[in-house]
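Asks: Take a look and give me a structure for this.
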Amino acid sequence: MPTRILYSSDWTGHPEIFAVDPTGRAPVAQLTHWPGECRKTPWVPYAPIGLFPAPNGRYLAASCGSGLWLMRADGRGSRPLVPPGSGGPVTARWSPDSRLVAYALNGTVHALDIATGSDRVAGARDLVKVGWNERRAVSPTGRWLAEFSNGLVTVVRAKNGSAAARPVPGFAATWSPDGVRLAVEGRDGIRVVDMRTRRVRKLTDDIGFVGPPPEYGGESALGFAWAPDSRSIAYVIGEERYGSSWSIASGDIRSVTMKGKTTTLVRGDHAYGGRMSGVAWVKTVPGNRYGAPEDAPQDRVAPTGLLANAPIQLLAADGKRVAFEACDTVVVWTPSTAGVEPALPSSGLNVCSIGELTGRYIFYDLALAGDRLVYALNVGCNSITLTLNLRLLTPPGGGGVIERSFGNCGNAFPAALGRLAGSSGLLVYEQWSEARTPQLPFPVTSATVHRVDGASCPCPVIASTLGPLYPADVNDGHVVAYGDNETIVLDRDGNRLMSLPVSPRAAQLSGIHLILLTRGQLRDYDIRGAAPLHTWTLPDVSSGPVCAWRTCDTNRLVLNDAAQGLVAYTLDGRLHLLRLVDGADSVVGTATLARFMDDGLVYADGSRLHLVPFARLPLLAF
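Replies: As a prediction, the model looks like this:
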């Protein structure tokens, strides 16, 4: 019978389910295009998609974050069994005849009858049918149990709990469909316990990805699966390191036979690879129709796009370069050369480290200005340190901390470091003081905008005011900043070129154009005059700038950037372009962040960066 290997991957930027033909004769297919909240679920290493196929090959239960979906085996007819946001990791178990699927909801196990649609709290008979056991892997025959303790997997007899085979080093295990063998994942490879002979044999030295141990939020073995005929195992190559932090690298999908022959099925750095975790090997039945995968660059890094190691949280662009932050790492991408260079000591795009930085460091802003990259960090909790960190890109490796301020949780900052903005040779940052009052957040009493010359400070003040003053953008040697009462445009020396009695939600510069976002409006001014050139109506919803320090409200409409007579903004997760000359509006795609650069418009959709050249942008020609 034909089979497919299902696996989860963030190749399109979000975790989706794909199918690969183990014979290589059929192209890779995509089963899901996750709707709603599941698509927005953060893609982190310890929350992979769980794949739970029915033994008859007709149905698939799949978890995404804290939700669980039931669908046909080819992805059609998907419906939620457990809505996202209902709790922790979700798992499912099928009865051998595929008529019953059990799943946990809010600590209670439910059982769904596939034929009748009856969904009930599972009784004792239901749990026996599906072999439900939260701490042990039950063999399909019900004769054996695999127990996990202290890095060892031990097979015991179900009837009396006595040991049936010698312990095997490993931290995850799964039974073959015929119940004869147990595959065990360890930190030095994959082993198989043959219950007919009690022999243990290592099949491969490859380390499979199964997620972290329970103390890091892990659950069961999701990264390897048996073939329906019990003759081969599919797995994702991975690497886990435990200690003060946990790191993961997700590699290729491979299969291994019982004779130890391995075959690479999907490469992690090529089409439809990326970060892969959940794996299931299923039968294909008549009527299955697998869909074509979404378009994406065919390599992990290409001139038209890039797959990061996690959802992209911060994005900056200037000239030919793009900088982004994902998974506690700042990376610089040059699309024209397809070059990628980590700006911090890290493993770049292939490894995501959890624990060493998470909980101690928070990246809250990022800027590029020619050959200078600056990122802002919030370090600590009770005792807080804010730092501005500079890296020189040409030659690479130079730089360091250029400014630092201190504060305590629950107290006002005497001199906090805020937003960054930069372009070409001009780089600025914000600094402000707060008043200690019962009011939270503490009100800003004064603010200054500083220019960064070279690679160190002290840095000259180019603007100051009572109350807040946010540097929003830098373009063509000009700076736009706004506060509670006005918006100002400055040259690099702090000379005022324009002042408007308007306090916008966000602001951007593009040549002579000053673009201000107000509630329900986008206003276009000429910085040489005071009257607006155009005023265009936008949806009257919560609006603001890209998230940064003190300006990180959850807004439905976010002003991202402006260039070439176009304004880029996101609305409810969709990237729009608005043409200033006539107000025409067009949707580019789904996105969270967007920036213009010399080569076009770059935008982030989950873990994926896309670059659209100016010649291919809608609305540019008029």
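Asks: which residues are contacting stretch 335-344?
Replies: By CB atoms under 8 Å, 6 or more residues apart in numbering, the residues outside stretch 335-344 that reach it are 299, 301-304, 306, 320, 322-323, 329-334, 348-349, 373, 375, 391, 393, 396, 597, 599, 602, 611. Every C-beta, even on glycine, is put in place using the N, C-alpha and C of the backbone.
Asks: Mind listing what's buried along that stretch?
Replies: Residues 335, 338, 340, 343 are the ones in stretch 335-344 that count as buried (16 or more other CB atoms under 10 Å).
Asks: re the thing from before, buried subset of the contacts of stretch 335-344 as a ChimeraX selection?
Replies: The buried subset of those, as determined by 16+ other CB under 10 Å, is captured in ChimeraX by this line:
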select :299,301,304,306,322,323,329,330,331,332,333,334,349,373,375,391,393,597,599,602,611
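Asks: In strands, which of the contacts of stretch 335-344 fall?
Replies: 301-302, 306, 322-323, 329-334, 373, 375, 391, 393, 396, 597, 602, 611 (DSSP state E).
Asks: any idea which helix or strand comes after the lowest-mean-pLDDT helix or strand in the chain?
Replies: Here the helix or strand of the chain ranked lowest by mean pLDDT, DSSP states H and E is helix 36-40, holding a mean of 51. Counting by DSSP states H and E, the element after helix 36-40 in chain order, helix or strand, is strand 50-53.
Asks: Helix or strand next in line after that next one, which one?
Replies: Note on strand 50-53: by DSSP H and E, the next helix or strand toward the C-terminus is strand 59-64.
Asks: The helix or strand just after that following strand pairs with which strands, and in what direction?
Replies: Next helix or strand after strand 59-64 toward the C-terminus (DSSP H and E): strand 67-72. With DSSP bridges as the test, strand 67-72 is paired with strand 59-64 (antiparallel), strand 79-82 (antiparallel).
Asks: can you tell me the average pLDDT over strand 67-72?
Replies: On average, the pLDDT along strand 67-72 is 87.
Asks: And the helix ranked longest in the chain, how far out from the chain middle?
Replies: Using DSSP state H, we find that the single longest helix of the chain is helix 124-130. Offset of helix 124-130 from its chain centre (CA atoms, centre = their mean, to the nearest Å): 37 Å.
Asks: what comes up buried for that helix?
Replies: Neighbour-count burial for helix 124-130 flags 126, 129, 130 (criterion: 16+ other CB under 10 Å).
Asks: Then stretch 83-103?
Replies: 84, 86, 89-96, 98, 100-103.
Asks: Next: stretch 387-403.
Replies: Buried residues in stretch 387-403 (16+ other CB under 10 Å): 387, 388, 389, 390, 391, 392, 393, 399, 402, 403.
Asks: in what helix or strand does the second one lie?
Replies: Spelled out, it's residue 388. strand 383-393.
Asks: Quick one: list the elements packing against that strand.
Replies: strand 372-379, strand 396-408, strand 416-423 (3 or more CB pairs under 8 Å, 6 or more residues apart in numbering; DSSP states H and E).
Asks: Each with direction, which strands does the longest one pair with?
Replies: Sheet pairing of strand 396-408 (DSSP bridges) gives strand 383-393 (antiparallel).
Asks: quick check: angle from the partner strand to strand 329-334?
Replies: 20 degrees (axes from the mean of the first three to the mean of the last three CA atoms, to 10 degrees).
Asks: re earlier: helices or strands up against the longest helix of the chain?
Replies: Checking 3+ CB pairs under 8 Å, 6+ apart, helix 124-130 ends up next to strand 100-105, strand 108-113.
Asks: Number of residues surrounding residue 56?
Replies: 16 (other CB atoms under 10 Å).
Asks: Wait, it touches residue 286, no?
Replies: No. Using CB atoms under 8 Å, residue 56 makes no contact with residue 286, being 12.0 Å away.
Asks: tell me which residues form a beta bridge with residue 163?
Replies: residue 156.
Asks: I'd say it and residue 152 touch.
Replies: No. Contact criterion CB under 8 Å: residue 163 and residue 152 do not qualify, at 11.3 Å.
Asks: who has more neighbours, those two?
Replies: With neighbours defined as other CB under 10 Å, residue 163 and residue 152 compare such that residue 152 has more, 15 against 11.
Asks: Not counting residues beside it along the chain, what's closest to the more buried one?
Replies: residue 167 (4.2 Å; CB to CB, 6 or more residues apart in numbering).
Asks: quick one: contacts for the one you found?
Replies: 152, 153, 154.
Asks: and which of those residues is nearest to residue 142?
Replies: Taking CB to CB as the measure, residue 142 lies nearest residue 154 of the contacts of residue 167, at 17.4 Å.
Asks: ok but the closest one is inside a helix, no?
Replies: No. With DSSP: H, G, I helix; E, B strand; the rest coil as the criterion, residue 154 is assigned strand and is not in a helix.
Asks: is it true that it touches residue 165?
Replies: Yes. The criterion here is CB under 8 Å, and residue 154 meets it with residue 165 at 7.4 Å.
Asks: if we can go back for a sec, out of the helices and strands packed on helix 124-130, which gets nearest to residue 24?
Replies: It's strand 100-105; of those, that one is closest to residue 24 (CB to CB) at 31.2 Å.
Asks: so how far is the closest one off the chain centroid?
Replies: With CA atoms, centre = their mean, you get 28 Å for strand 100-105.
Asks: just stretch 154-162 next, same as before
Replies: Per CA atoms, centre = their mean, the centroid offset for stretch 154-162 relative to its chain is 41 Å.
Asks: can you list contacts of that stretch?
Replies: Outside of stretch 154-162, the residues within contact range by CB under 8 Å, 6+ apart are 138-139, 142-147, 163-165, 167-168, 182, 193, 195.
Asks: I'd like to know how many residues surround the closest residue in space to residue 16 that isn't next to it in sequence.
Replies: Take residue 16 and drop its neighbours on the chain: the residue closest to it by CB to CB, 6+ apart is residue 32, 5.0 Å away. Residues lying near residue 32 (other CB under 10 Å) number 23.
Asks: which element is residue 32 on?
Replies: Using DSSP H and E, no helix or strand contains residue 32.
Asks: For this protein, give me the ranges with low pLDDT.
Replies: 35-48, 65, 84-89, 134, 210-222, 239-249, 345-361, 530, 621-622 (pLDDT under 70).
Asks: that older thread, which of the contacts of stretch 154-162 count as buried?
Replies: Applying 16+ other CB under 10 Å to the contacts of stretch 154-162 flags 138-139, 144-147, 164-165, 167-168, 182, 193, 195 as buried.
Asks: Distance to residue 568 and secondary structure for those residues - can I get that in TSV?
Replies: Formatted as TSV, the buried ones among the contacts of stretch 154-162 follow (distance: CB to CB, whole Å; DSSP: H, G, I helix; E, B strand; the rest coil):
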residue	distance to residue 568	secondary structure
138	53	strand
139	56	coil
144	58	strand
145	56	strand
146	53	strand
147	55	strand
164	63	coil
165	61	coil
167	58	coil
168	55	strand
182	54	strand
193	56	strand
195	60	coil
